[in-house]
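>>> what follows is a protein structure lacking sequence information:
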Ligand SMILES: [Ca+2]
Ligand SMILES: [Ca+2]
């Protein structure tokens, strides 16, 4: 076979060979050593648990009336390892020691081999946060990282952080943010220009934007939306509606965590977006769920 035909066939094979990966964005409130020292939190986040079910089988003779069968069990895996890529906001650990602990527990429990990427520590005061990406390196490789530079006007408490991943032949740029609640409108107004800045300086045209936008309830409402280019510009599509509730607390009904995509190709690759109400899923009391976070993960499928 001629070389060019081999190349054409290889290209054709690559073009049709797509893969659905599961992705989540999750604000894990104050993620650090203290959180990972709580076994019940670790169990919900990432450990396998085993349920022993006791059930009874009635038999014909009184002495064998009941047989307790207590070794019947099932296993299930918890939140984090359901995803191939998790984008976490609110890593607050000062020395970063909780990240290898988290990875070790996750890999031990899941049998997978996740790795991590963390952003710089961000924030104007001594209180800092990092963005944390957990992913399987067999599926994703980090190609480039960009921190939005707002030193000129200092709009953001925590600047948007962009990571370009390669997955097979597909490359996509994920931008994440944890918006400061009291500055939510000003920060969200600047989010689309920040993306434009990345386009101008680094060339990316499409963006997968996710994180805790704080874009609802007391922070963003009514006519505020008219000012937010990320909302008004036709190039963006929002995948979590304003009437969604991404908060664990039953007293709040706010769509804080969001998934937004810019660019038609990327938008077409996103499906099955949902808020994961893990308290209902696992039958947790509200206090148990709030020990994990005040936010639900938002999960979706990305076709890469
Ligand atoms: Ca700043
Ligand atoms: Ca709620």
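All right, it came through fine. Computed from a prediction, not measured in an experiment: that's the story for all the values here. Numbering: from 1, shown residues only. Ligands and ions are numbered 1, 2, ... in the order given.

>>> how about residue 46, what does it touch?
Shown in contact with residue 46 (C-beta atoms under 8 Å, 6 or more residues apart in numbering): 78, 79, 80, 81, 102, 105, 106, 109, 110. From N, CA and C alone the C-beta is placed, and that goes for glycine too.

>>> tell me if the fifth one really is in a strand.
Pointing back at residue 102 there. No. If the criterion is DSSP: H, G, I helix; E, B strand; the rest coil, then residue 102 is helix and not within a strand.

>>> distance-wise, check the nearest residue to it once chain neighbours are set aside relative to residue 100.
The shortest distance from residue 102 to any non-neighbouring residue, by C-beta to C-beta, 6 or more residues apart in numbering, is to residue 36 (6.1 Å). Plainly put, residue 36 is 11 Å away from residue 100 if you go by C-beta to C-beta, to the nearest Å.

>>> looking at the two, which is more packed in?
Remark: of residue 36 and residue 100, residue 36 carries more neighbours, 19 against 10, as counted by other C-beta atoms under 10 Å.

>>> how far away is the more buried one from residue 225?
From residue 36 to residue 225 the distance is 38 Å (C-beta to C-beta).

>>> residue 174 reaches residue 163, doesn't it?
Yes. Contact status for residue 174 versus residue 163: in contact at 5.2 Å, counting by C-beta atoms under 8 Å.

>>> what sits in contact with each of the two?
residue 133.

>>> which parts of this protein are helices?
3-16, 33-36, 39-46, 98-110, 184-202, 229-232, 264-268, 278-282, 286-292 (DSSP state H).

>>> next, format these as JSON lines and append mean pLDDT and distance to residue 156.
JSON lines is the format used below for those (pLDDT from 0 to 100; distance: least, C-beta to C-beta, whole Å):
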{"stretch": "helix 3-16", "mean pLDDT": "59", "distance to residue 156": "38"}
{"stretch": "helix 33-36", "mean pLDDT": "95", "distance to residue 156": "25"}
{"stretch": "helix 39-46", "mean pLDDT": "90", "distance to residue 156": "28"}
{"stretch": "helix 98-110", "mean pLDDT": "93", "distance to residue 156": "23"}
{"stretch": "helix 184-202", "mean pLDDT": "98", "distance to residue 156": "5"}
{"stretch": "helix 229-232", "mean pLDDT": "98", "distance to residue 156": "14"}
{"stretch": "helix 264-268", "mean pLDDT": "98", "distance to residue 156": "23"}
{"stretch": "helix 278-282", "mean pLDDT": "90", "distance to residue 156": "29"}
{"stretch": "helix 286-292", "mean pLDDT": "96", "distance to residue 156": "27"}
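
>>> tell me how far residue 168 lies from ligand 1.
Residue 168 sits 35 Å away from ligand 1, going by C-beta to the ion, to the nearest Å.

>>> partners of the closest residue to ligand 2 within the stretch 1-150 of the chain in the sheet?
Among the residues of the stretch 1-150 of the chain, residue 27 lies closest to ligand 2, at 13.4 Å counting by C-beta to the ion. When bridges are called by DSSP bridges, residue 27 pairs up with residue 89.

>>> is it true that the residue nearest to residue 102 touches residue 98?
Yes. Counting by C-beta under 8 Å, residue 36 does reach residue 98; the two are 5.3 Å apart.

>>> sorry, back to before: which single one of the contacts of residue 46 is nearest to ligand 1?
Of these, the one sitting nearest to ligand 1 (C-beta to the ion) turns out to be residue 102, at 26.6 Å.

>>> let me know the pLDDT of the closest residue to residue 204 other than its chain neighbours.
Among residues not flanking residue 204 along the chain, residue 173 sits closest, at 4.5 Å (C-beta to C-beta, 6+ apart). For residue 173, the pLDDT comes out at 98.

>>> and for residue 158?
98.

>>> ok, now which ones touch it?
122, 123, 129, 177, 178, 179, 180.

>>> list the contacts for the first one?
Shown in contact with residue 122 (C-beta under 8 Å, 6+ apart): 128, 129, 130, 131, 147, 157, 158, 159, 161.

>>> distance of it from residue 27?
Taking C-beta to C-beta, one finds residue 122 at 14 Å from residue 27.

>>> so what's residue 96 up against?
With contact set as C-beta under 8 Å, 6+ apart, residue 96 has these partners: 118, 130.
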